[in-house]
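A.B. asks: This is a predicted model, with the sequence first.
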Amino acid sequence: MTLKILTVGILLLTSTTLFATEKTAQTKNSKPKLILQITVDQLRGDLPDKFMKNMGKGGFRWLKKNGLWYKNAHYTYSNTETVVGHTTLATGTIPAIHGMVSNVWYDRVKKRLVYNIEDKRYHILSKNADIDDSTEVDSSQALAGTDGRSPANIMVSTFSDELSLFTNQKSKIFGVSVKDRGAVTLAGHNGKAFWFSKTSGEFITSSFYYDKYPAWVKKFNDQKLAERYSDKSWRLMYDKSKYMFGDSDDSPWEEDYANFGRVFPHEYKGKENKYFNHFLTFSPAGDELTLDFAKAIIDNEKMGQNNVTDYLAISFSSTDYVGHIFGPSSLEAEDNMLRLDKTLAALFKYVDIKVGLDNTLIVLSADHGAPEAPGYLTKFGIEAKWIAPLKWNKKPSLKRLEKKFGVGQALIEAFFPPYLYLNHTVIKEKGLDLAEVQKAVAKEIMDIDGIALTVTSTEMSNNLFPDTYLYRAALKNFNAKRSGDILILFEPHCFANDMDGGAVMASNHGGPWTYDTFVPIIFAGNGLKGKQIFRSVKPNDIAPTLSAVVQAKSPSGANGDILKEVMETVK
Ligand SMILES: [Zn+2]
């Protein structure tokens with residue numbers, strides 16, 4: 001009896017809800033004219049709220065008032081790096097499936113470390129715009145063996161690919177970022193990607209996308225917008241007293257990279273300085289330039305102006321560079337957040353004028369979170385440190401391996417954390433058992449201070465481990481073709497960046513802990529109403545949700561869930 005009453009109650013409730021939804025939906029656009037996917041590199045989930053007090057009305061505050069803000073979104077895999085996160089956002093799946101397991105992996109056929117989107121078949125279209133190894137701060141990009149770039153290494157389709165298939169290429173698809181991998185990943189296999197050359201100060205692309213630059217891109221680059229910063233510097237937006245970090249501008253763990261300085265104002269030092277364009281990317285100027293180019297795409301490609309849904313992906317990189325150099329708890333990071341907020345407000349205003357925010361579905365997230373600088377954490381009594389994963393590779397570890405297997409150093413083919421690659425040829429020639437060698441090397445590495453877990457590829461392939469958080473995160477990162485023989489995970493608040501235990505930057509992300517996995521997911525525009533949602537969701541839910549919004553099929557490897565709150569307003 002009780003059950004029957006309850007059932008009737010639910011039925012009544014359901015029909016009322018359905019009616020309400022249907023009524024609301026009639027006033028909304030079921031299919032947006034434009035999908036605007038924004039990624040803020042290294043934007044940890046709590047950072048917008050932390051600094052909202054001094055923000056204006058049109059950026060994050062507007063998103064909070066008018067957006068569905070998922071406040072409990074976490075990446076589920078262990079290697080929270082830039083290309084891994086961007087590809088997860090693009091494809092709706094995990095690195096085990098999309099294949100972008102790390103910014104850099106070892107290619108056993110080419111016998112060298114490779115950069116994630118390098119592709120020697122497709123050179124960049126500009127002369128003298130390739131990265132300059134002598135000034136490049138991005139150590140993974142500096143490993144690229146060629147200036148060529150393409151999305152070919154992404155093993156599955158992206159949402160943008162599916163949109164293109166769904167409309168038989170009628171949808172216009174663009175990606176732009178300061179970072180090549182921030183643009184190429186989201187533009188997918190069928191869109192067009194542009195990124196910023198720190199050598200030439202222009203937005204560039206490769207022959208994968210075009211035979212020659214469209215006229216409007218050439219015109220844009222001819223304006224030399226980067227040079228307008230030549231005699232300027234990065235100054236605080238407000239008086240120091242307004243900032244949470246106003247009295248700690250000069251913390252010892254901040255990096256004075258190439259004399260950019262640790263305190264305000266940070267001088268850009270003029271276009272003749274070989275680091276000039278780099279300095280722009282280490283500051284809000286990088287995001288401002290990205291916005292300029294995004295506006296040019298909207299205008300020149302007439303985005304959102306016809307009856308099919310267009311797609312524009314913008315990845316803002318400055319937050320990442322600022323976080324690495326100064327730490328996320330620094331005056332620089334605080335001012336950068338306020339400037340990013342201003343940049344977002346300007347973007348939303350522009351899109352509203354050109355397309356209408358009611359016709360635009362905005363989704364904002366990040367490719368990974370941000371750890372605090374170890375020096376900063378120590379002030380709070382939290383033990384944090386830089387560790388030296390390379391140190392295992394010294395005696396006596398190798399001596400012990402040599403004693404056991406008759407061969408030491410020659411067992412190791414490559415080591416680029418989080419992965420170590422063994423030399424399979426040597427192991428075979430010596431008649432050794434691969435699983436046994438993996439286990440022995442993994443055990444030696446476990447003995448280093450600050451290592452939380454080492455997992456071998458044999459354990460991964462055969463599912464030979466307990467069902468714990470760390471092992472699950474490791475498995476989601478495991479791709480048999482690209483992952484190494486041994487995955488190395490650090491303990492919370494333990495970091496490596498120069499691999500010898502020193503710090504070349506203030507902080508470094510890339511682990512499985514919540515400060516690295518926590519990102520915002522915000523959907524806004526297209527008739528959505530403001531709401532904070534605290535249930536657990538994942539960034540790989542975004543792509544299948546976007547597919548559902550336009551009613552296309554999900555990307556080929558997608559395994560995220562459709563976010564039901566977003567669908568409530570779609571007819
Ligand atoms: Zn990143």
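C.D. replies: Cool, got the structure. Residues are numbered from 1 along each chain as shown.
A.B. asks: per-residue confidence at the residue of the stretch 401-550 of the chain found nearest the ion?
C.D. replies: Per Cβ to the ion, the residue of the stretch 401-550 of the chain with the smallest distance to the ion is H509, at 7.1 Å. Placement of C-beta: from N, CA and C, glycine included. pLDDT for H509: 93.
A.B. asks: do the same with G527
C.D. replies: G527 is given a pLDDT of 92.
A.B. asks: count of residues packed around it?
C.D. replies: 19 (other Cβ atoms under 10 Å).
A.B. asks: Leaving out the residues flanking it, which one is nearest to Y321?
C.D. replies: Nearest residue to Y321 in three dimensions, chain neighbours excluded: F282, at 4.7 Å (Cβ to Cβ, 6 or more residues apart in numbering).
A.B. asks: give me every residue that touches that neighbour.
C.D. replies: Under the criterion of Cβ atoms under 8 Å, 6 or more residues apart in numbering, the neighbours of F282 are 137, 257, 260, 266, 318, 321-322, 325.
A.B. asks: Reformat the residues you listed into a markdown table and put neighbour count next to each item.
C.D. replies: A markdown table is the format used below for the contacts of F282 (neighbours: other Cβ atoms under 10 Å):
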| residue | neighbour count |
| --- | --- |
| V137 | 19 |
| Y257 | 20 |
| F260 | 20 |
| H266 | 20 |
| S318 | 27 |
| Y321 | 26 |
| V322 | 31 |
| I325 | 24 |
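A.B. asks: of the residues you listed, closest to the ion?
C.D. replies: Of the contacts of F282, the one sitting nearest to the ion (Cβ to the ion) turns out to be Y321, at 9.5 Å.
A.B. asks: pLDDT wise, what is the closest one at?
C.D. replies: The predicted local confidence for Y321 is 96.
A.B. asks: That one should be in a strand, yeah?
C.D. replies: No. Using DSSP: H, G, I helix; E, B strand; the rest coil, the secondary structure at Y321 is helix, not a strand.
A.B. asks: residue contacts, it?
C.D. replies: Taking Cβ under 8 Å, 6+ apart, one finds 137, 281-282, 286 in contact with Y321.
A.B. asks: So, low pLDDT: which residues of this structure?
C.D. replies: 1-30, 392-395, 498-503, 571 (pLDDT under 70).
A.B. asks: residues in it within reach of the ion, list them.
C.D. replies: Residues of the chain lying near the ion by Cβ under 5 Å from the ion: 41, 82, 320, 367.
A.B. asks: Quick check: the last one touching N79?
C.D. replies: The one in question is D367. No. Using Cβ atoms under 8 Å, D367 is not in contact with N79; the gap is 11.6 Å.
A.B. asks: from the middle of its chain, how far away would stretch 194-202 be?
C.D. replies: Here stretch 194-202 is found 19 Å from its chain centre; the criterion is Cα atoms, centre = their mean, to the nearest Å.
A.B. asks: contacts for that stretch?
C.D. replies: Residues contacting stretch 194-202 (Cβ under 8 Å, 6+ apart): 124, 126, 128-132, 135-136, 174-180, 182-184, 203-205, 217, 221, 224, 226-227, 271, 276-278, 280-281, 286, 289-290, 293, 297.
A.B. asks: Okay, and which of those residues map to helices?
C.D. replies: Judged by DSSP state H, helices contain the following of these: 180, 182-184, 217, 221, 276-278, 280-281, 286, 289-290, 293, 297.
A.B. asks: Scan these and report the most crowded one.
C.D. replies: V184 (34 neighbours).
A.B. asks: quick one: contacts for that one?
C.D. replies: 117, 149-151, 175, 193, 195.
A.B. asks: try 10 Å this time
C.D. replies: By Cβ atoms under 10 Å, 6 or more residues apart in numbering, V184 lies in contact with 83, 86-87, 90, 116-117, 119, 149-154, 175, 177, 191, 193-195, 205-206, 208-209, 315.
A.B. asks: E459 belongs to a helix?
C.D. replies: Yes. Counting by three-state DSSP, E459 is part of a helix.
A.B. asks: Which residue, other than its chain neighbours, is closest to it?
C.D. replies: F465 (5.3 Å).
A.B. asks: Tell me where the stretch 101-250 of the chain has helices.
C.D. replies: 159-166, 180-187, 215-222 (DSSP state H, counting those that start in this stretch).
A.B. asks: I'd like those helices as a markdown table, with distance to K240 appended.
C.D. replies: Output for the helices of the stretch 101-250 of the chain, formatted as a markdown table (distance: least, Cβ to Cβ, whole Å):
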| stretch | distance to K240 |
| --- | --- |
| helix 159-166 | 43 |
| helix 180-187 | 32 |
| helix 215-222 | 36 |
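A.B. asks: Of all those, which one comes closest to K33?
C.D. replies: helix 159-166 (12.5 Å; Cβ to Cβ).
A.B. asks: Tell me which residue is most central in the chain.
C.D. replies: With distances taken as Cα atoms, centre = their mean, D367 lies nearest the centre of the chain, 2.6 Å away.
A.B. asks: got a list of what it touches?
C.D. replies: Here D367 is in contact with 39-43, 75, 80-89, 179, 181-182, 185, 315, 317, 320, 509, 519, 539 (Cβ under 10 Å, 6+ apart).
A.B. asks: Surely the residue nearest to E459 is in contact with S457?
C.D. replies: No. Shown here, F465 and S457 do not form a contact pair, counting by Cβ atoms under 10 Å, at 11.9 Å.
A.B. asks: between those two, who's got more neighbours?
C.D. replies: S457 (21 against 16).
A.B. asks: Quickly list what's touching both of F465 and S457.
C.D. replies: By Cβ under 10 Å, 6+ apart, no residue touches both F465 and S457.
A.B. asks: OK, now which residue of the stretch 201-350 of the chain is nearest to the ion?
C.D. replies: D320 (4.7 Å).
A.B. asks: Was I right to think that residue contacts T80?
C.D. replies: No. Contact criterion Cβ under 10 Å: D320 and T80 do not qualify, at 11.9 Å.
A.B. asks: Quick check: neighbours shared by those two?
C.D. replies: 42, 366-368, 370, 509.
A.B. asks: Quick one: end-to-end distance for stretch 435-454.
C.D. replies: Terminal residues of stretch 435-454 are spaced 13 Å apart (Cα to Cα, to the nearest Å).
A.B. asks: Please tell me how far it is from the chain's geometric centre.
C.D. replies: 28 Å.
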